[in-house]
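**Q** I need the structure of the sequence given here:
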Amino acid sequence: MKKRNLDLLAVDLKKYRLSHRYSFQDITNITGLSRDTIYSVEINRRSVLSVETLEALADLMHMESGEFFIKYVALVDVPDEEGTKKDQ
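**A** A predicted model of the protein is given here:
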């Protein structure tokens, strides 16, 4: 089964936000993304993210878009019990 690492993105985004002592509003001001979008990504409520959102988050986290895509967005093989239908 294949799975995306959006749960890892949620964890890393929260760590990044808290380590820099940013509020949701601060992240909104920096990225131009809505507060709801940032909150939804951080609690891993979204299974589909726009290219603009991915690019803004990559810039925020100081990552090249290719590196960001491989780490968080690309499908990776996992044992069947770890994958979920929404990741298919």
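**Q** Show me where the chain has its helices.
**A** Applying DSSP state H to the chain gives helices spanning 6-19, 24-31, 35-42, 51-60, 65-68.
**Q** can you list contacts of the shortest one?
**A** With contact meaning C-beta atoms under 8 Å, 6 or more residues apart in numbering, helix 65-68 is reached by 54-55, 57-58, 61. In short, each C-beta sits where N, CA and C put it, glycine included.
**Q** Likewise for the fourth one?
**A** For helix 51-60, contacts defined as C-beta under 8 Å, 6+ apart pick out 9, 13, 16, 27, 30-33, 37, 41, 64-65, 67-69, 72-73.
**Q** CA atoms only for it, dumped as PDB, please.
**A** Only the C-alpha atoms of helix 51-60 are listed here, as PDB (Å, rounded to 0.1, in the frame of the first residue of the first chain):
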ATOM      1  CA  VAL A  51       0.400  23.500  -5.400                       C
ATOM      2  CA  GLU A  52       0.300  27.000  -4.100                       C
ATOM      3  CA  THR A  53      -0.100  25.700  -0.500                       C
ATOM      4  CA  LEU A  54       2.800  23.200  -0.900                       C
ATOM      5  CA  GLU A  55       5.100  25.900  -2.400                       C
ATOM      6  CA  ALA A  56       4.300  28.400   0.400                       C
ATOM      7  CA  LEU A  57       5.000  25.800   3.000                       C
ATOM      8  CA  ALA A  58       8.200  24.700   1.300                       C
ATOM      9  CA  ASP A  59       9.300  28.400   1.300                       C
ATOM     10  CA  LEU A  60       8.300  28.900   4.900                       C
END
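**Q** Mean confidence (pLDDT) on it, please.
**A** Taken as a whole, helix 51-60 has a mean pLDDT of 93.
**Q** so how far is that helix from its chain's centroid?
**A** In terms of C-alpha atoms, centre = their mean, to the nearest Å, the centre of helix 51-60 is set 9 Å apart from its chain centre.
**Q** By neighbour count, which bits of it are buried? Give me those.
**A** 53-54, 56-58, 60 (16 or more other C-beta atoms under 10 Å).
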